[in-house]
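Asks: Need a 3D model of the following:
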Amino acid sequence: MTPGKKMTVVQLTMLTVVNMLGSGIVLLPTKLAEVGAISILSWLVTATGSLALAYCFAQCGMLSRKSGGMGGYAEYAFGRSGNYLVNYTYGTSLLIANVAIGITAVGYMTELFGMQLSPMGVGLTTIALLWITTFANFGGAGITGKIGSVTV
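Replies: Down below sits the predicted model:
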């Protein structure tokens, strides 16, 4: 990656905020709706925590020039075993979180379109949704990318 193509601290902070808040926004309503109006306090606490994490990662990025994101920061402090543990744990959490978000999205989709899916149908639709989003991300984290010969 050339120096002109690197993401700025603000862009990386926003990416982290959107990632954390996006997961919370998708998953929180079903559980917090059972609690009532006091759940708004939980939303505020979650948003504050997400912003604190985003700020922490941004500061780590400014203080450590080691590549590799969170794993690189852990390697700076704890060596290669710290890098491995952080990346392994993060990868595992992404697998679980993506499936949970996919199932939730399929659940919202069935309600929105009034569909009735069997458990097998929910599973297959979730797998299809995960593959579609995977293919959509092959271009990388940039706002613009090339799909074939067409610039998006």
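
Asks: hang on, residue 138 is in a strand, isn't it?
Replies: No. Residue 138 sits outside any strand when classified using DSSP: H, G, I helix; E, B strand; the rest coil, being coil.

Asks: Can you pull the phi/psi pair for it?
Replies: When read as degrees, to the nearest 10, the backbone of residue 138 gives phi -60, psi -20.

Asks: and it, how many neighbours does it have?
Replies: 8 (other Cβ atoms under 10 Å). Where C-beta positions appear, they are placed from N, C-alpha and C, glycine not excepted.

Asks: where's it relative to residue 124, distance?
Replies: Taking Cβ to Cβ, to the nearest Å as the measure, residue 138 falls 22 Å from residue 124.

Asks: Give the buried residues for the helix of greatest length in the chain.
Replies: In the chain, assigned by DSSP state H, the helix with the most residues is helix 80-113. Judged by neighbour count using 16 or more other Cβ atoms under 10 Å, the buried positions of helix 80-113 are 82-83, 86-87, 98, 101-106.

Asks: Dump these to JSON lines, plus distance to residue 8 and pLDDT.
Replies: Output for the buried residues of helix 80-113, formatted as JSON lines (distance: Cβ to Cβ, whole Å; pLDDT from 0 to 100):
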{"residue": "82", "distance to residue 8": "26", "pLDDT": "87"}
{"residue": "83", "distance to residue 8": "24", "pLDDT": "88"}
{"residue": "86", "distance to residue 8": "23", "pLDDT": "87"}
{"residue": "87", "distance to residue 8": "24", "pLDDT": "89"}
{"residue": "98", "distance to residue 8": "26", "pLDDT": "85"}
{"residue": "101", "distance to residue 8": "27", "pLDDT": "84"}
{"residue": "102", "distance to residue 8": "30", "pLDDT": "88"}
{"residue": "103", "distance to residue 8": "34", "pLDDT": "88"}
{"residue": "104", "distance to residue 8": "31", "pLDDT": "84"}
{"residue": "105", "distance to residue 8": "30", "pLDDT": "87"}
{"residue": "106", "distance to residue 8": "35", "pLDDT": "91"}
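
Asks: would you turn those into TSV with distance to residue 69?
Replies: Shown next, in TSV, are these (distance: Cβ to Cβ, whole Å):
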residue	distance to residue 69
82	13
83	10
86	9
87	8
98	17
101	20
102	23
103	27
104	26
105	26
106	29
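
Asks: Right, I'll leave it there.
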